[in-house]
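Q: all I have is the shape, not the residue letters:
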């Protein structure tokens, strides 16, 4: 099937959050990521759009699931792609339904993001969570949309492996804070050095906004304040680490314990 | 002094590498970063451009160094700024002269970047180096330009604290590889877990390109292959961590030892 005008219009519309919400779908682009998802999550793909050349080099099981396949040429891709260099393949995936139930978080480690606005940071954090086997990310409603093309691209195919849910963090933290064997960690500039604590495998790691940190209204629910100490005490240095870099350091330290 | 047409043309030209090289200068934007540099490195600033309001709220020592000050209005800033939201202050700094001499690297820990192309990654790495007190970064000549506005922005004012030098990495690594009490570390997907090694404070940490890793021609000089192990062995996950996230994890582990 050749890519129709209607499909082009549809694919372009998915660049906008409004239409992603209406259709309940989002777009993933590029050979590496699409092949990874085809291999590990073939049923997640609803529509695969590729050049004839890509299709002839990558035999796709056309009977699997209800995946639709459309052939497109380079000029189509330059119209529908969000990338600087248009790819030769993209896929449309269903946005998982939110359950609204956070019960299952009580037995594992979850990342909570308070007002992370930069799409590159959010995507990188999703990729990091996946790398370290963290299956759940809670985003405040003020965070960037995780199905935004820039987030999807920075996440490098991690989205189908990590459940990202949007919530009022205050409500969720209030529910978990103080539970037995469970810790709500908050990252601050003046916390306890993360290398000195005995990390729990059951907890929530809260990271705050790129410039303002964790909101005041979440502070009462934080039970452990942690930090990544700067090197060479006393020397002048930048005020903070990038938030995605902080997530990577904290996850690595929690993981090795 | 009001910002002249010529100065506007000059400031716009500094968005391009060619003109940064000709003038030996680069631009830093935004209140937070400029105030930080004014405080810690006032002599590095050659030209300060600000709105009248910013100047009236931020008394600048006009006699210090040879700093020139020009007043600009909002419409000027929207013409000369590289930011999405034009700032109310920017500064022009001298690009430090390259010494070409890498002798002093032998007594400390240096980051070497092989073909890091993404400006956001490079800027974040410079910020991370500064946080952990690493004073030197070696970039292969194929890396993004560290004075590119996107790099400067992501580095959050760290550039005057970290010496970034461009070099043929092969030559530099060849010089240091095999030196006594000195280790050339390379980050790979199959190295020794970084938490299991006894990190040296004298060495070079080599990080490779975002998608291709470390170039083949550098491999002979790597004396220790290290990795950041993924969580929950056996589970499917993304292929790798983002390079700036990897730098943060490795630097944090080296720093705490």
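A: Everything's here; your move. Because the structure is predicted, anything quoted here is derived from the model rather than measured.

Q: please list all residues in contact with the residue in the stretch 151-257 of chain A that chain B sits nearest to.
A: Nearest residue of the stretch 151-257 of chain A to chain B (CB to the nearest CB) works out as residue A:231 at 3.0 Å. Placement of C-beta: from N, CA and C, glycine included. Residues near residue A:231 by CB atoms under 8 Å, 6 or more residues apart in numbering or on different chains: A:237, B:131, B:132, B:133, B:134, B:251, B:255.

Q: the last one in helix, strand or coil?
A: Spelled out, that is residue B:255. Secondary structure for residue B:255, judged by DSSP: H, G, I helix; E, B strand; the rest coil, is helix.

Q: now do it: how many residues are near it, please.
A: Using other CB atoms under 10 Å in any protein chain shown, residue B:255 has 21 other residues around it.

Q: repeat for the second one
A: Taking other CB under 10 Å as the neighbour definition, residue B:131 ends up with a count of 27.

Q: residues in contact with it?
A: Neighbours of residue B:131 in contact, by CB under 8 Å, 6+ apart: A:228, A:230, A:231, A:237, A:238, A:240, A:241, B:158, B:251.

Q: please list the residues of the stretch 151-257 of chain A that sit near chain B.
A: A:154-158, A:161, A:193, A:195, A:211, A:228-232, A:235-242, A:244-249, A:251-253, A:255-256 (CB under 8 Å from any CB of the partner chain).

Q: mind running it again at 6 Å?
A: A:156-158, A:195, A:230-232, A:235-238, A:241-242, A:245, A:248-249, A:252, A:255-256 (CB under 6 Å from any CB of the partner chain).

Q: check the stretch 1-150 of chain A too.
A: The stretch 1-150 of chain A has residues A:40, A:120, A:124, A:127, A:128, A:130, A:131, A:132, A:133 near chain B, with proximity defined as CB under 6 Å from any CB.

Q: correct me if wrong: the third one contacts residue A:244.
A: Going back to what we said before, that points to residue A:124. Yes. Residue A:124 is in contact with residue A:244 according to CB atoms under 6 Å; the separation is 4.0 Å.

Q: buried subset of the residues of the stretch 1-150 of chain A next to chain B?
A: Buried by 16 or more other CB atoms under 10 Å in any protein chain shown: A:120, A:124, A:127, A:128, A:130, A:131, A:132, A:133, out of those.

Q: circling back: return the subset of the contacts of residue A:231 lying in strands.
A: Among those, none falls in strands (DSSP state E).

Q: show only the entries of these found in helices.
A: Among these, DSSP state H puts B:131, B:251, B:255 in helices.

Q: leaving out the residues flanking it, which one is nearest to the second one?
A: To tie it back to what came earlier, the one meant is residue B:251. Using CB to CB, 6 or more residues apart in numbering or on different chains and skipping residues adjacent in sequence, the residue nearest residue B:251 is residue B:132, 4.3 Å away.

Q: residue A:238 versus the one you found, what's the distance?
A: Using CB to CB, to the nearest Å, we find residue B:132 at a distance of 10 Å from residue A:238.

Q: give me phi/psi at the residue in the stretch 51-200 of chain A that chain B sits nearest to?
A: Per CB to the nearest CB, residue A:133 is where the stretch 51-200 of chain A lies closest to chain B, at 3.1 Å. For residue A:133, the backbone dihedrals (degrees, to the nearest 10) come out as phi 70, psi 20.

Q: please name the nearest non-neighbouring residue to it.
A: Closest to residue A:133 by CB to CB, 6+ apart is residue B:231, at 3.1 Å.

Q: quick one: that neighbour is in a helix?
A: No. Read with three-state DSSP, residue B:231 is coil and lies in no helix.

Q: stretch A:33-41: which residues count as buried?
A: A:33, A:34, A:35, A:36, A:37, A:38, A:41.

Q: want to try TSV for the residues you listed, with pLDDT and secondary structure as columns?
A: Putting the buried residues of stretch A:33-41 into TSV (pLDDT from 0 to 100; DSSP: H, G, I helix; E, B strand; the rest coil) gives the following:
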residue	pLDDT	secondary structure
A:33	93	helix
A:34	95	helix
A:35	93	helix
A:36	91	helix
A:37	92	helix
A:38	91	helix
A:41	90	coil
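
Q: and of the residues you listed, the nearest to residue B:15?
A: residue A:33 (31.2 Å; CB to CB).

Q: that older thread, buried subset of the residues of the stretch 151-257 of chain A next to chain B as a ChimeraX selection?
A: To isolate the buried ones among these in ChimeraX, judged by 16+ other CB under 10 Å, type:
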select /A:156,157,158,195,230,231,237,238,241,242,245,248,249,252,255,256
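
Q: now do the buried residues in stretch A:47-57.
A: Here stretch A:47-57 shows A:47, A:48, A:49, A:50, A:51, A:54, A:55 as buried, counting by 16+ other CB under 10 Å.

Q: swap in stretch A:175-189?
A: Within stretch A:175-189, the residues that count as buried by 16+ other CB under 10 Å are A:176, A:177, A:182, A:183, A:184, A:185, A:186, A:187, A:188.

Q: coming back round to it: check the residue nearest to residue A:133 and give its pLDDT.
A: For residue B:231, the pLDDT comes out at 92.

Q: then the one 5 residues further on?
A: Note for residue B:236: predicted pLDDT of 82.

Q: residue A:252 against residue B:249, yeah?
A: Yes. Taking CB under 6 Å as the definition, residue A:252 is a contact partner of residue B:249 at 4.4 Å.

Q: in chain A, which spans are helices?
A: Under DSSP H, chain A gives helices at A:5-13, A:17-23, A:31-40, A:52-57, A:74-80, A:119-131, A:149-155, A:169-176, A:243-256.

Q: contact partners of the shortest one?
A: By CB atoms under 6 Å, 6 or more residues apart in numbering or on different chains, the residues outside helix A:52-57 that reach it are A:71, A:88, A:89.

Q: got JSON lines for those, with neighbour count and pLDDT too?
A: As requested, these are exported to JSON lines (neighbours: other CB atoms under 10 Å in any protein chain shown; pLDDT from 0 to 100):
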{"residue": "A:71", "neighbour count": "16", "pLDDT": "95"}
{"residue": "A:88", "neighbour count": "22", "pLDDT": "96"}
{"residue": "A:89", "neighbour count": "24", "pLDDT": "97"}
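
Q: need those residues in TSV with distance to residue A:165, can you?
A: Below are the contacts of helix A:52-57 laid out as TSV (distance: CB to CB, whole Å):
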residue	distance to residue A:165
A:71	35
A:88	33
A:89	28
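
Q: tell me the one of the buried residues of stretch A:33-41 nearest residue A:67?
A: Nearest to residue A:67 among the buried residues of stretch A:33-41, with distances taken as CB to CB, is residue A:38, at 9.0 Å.

Q: so what's the closest one up against?
A: Applying CB under 6 Å, 6+ apart to residue A:38 gives no contacts.

Q: check the gap between it and residue A:49 for me.
A: Residue A:38 is 13 Å from residue A:49, by CB to CB.

Q: which residues does stretch A:177-186 contact?
A: A:173, A:176, A:200, A:202-206, A:214, A:221-226.

Q: domain ranges for chain A?
A: Listed domain ranges for chain A are A:5-94, A:103-256 (source: automatic domain parsing).

Q: deepest-packed of those domains, please.
A: domain A:103-256 (a mean of 20; mean count of other CB atoms under 10 Å in any protein chain shown).
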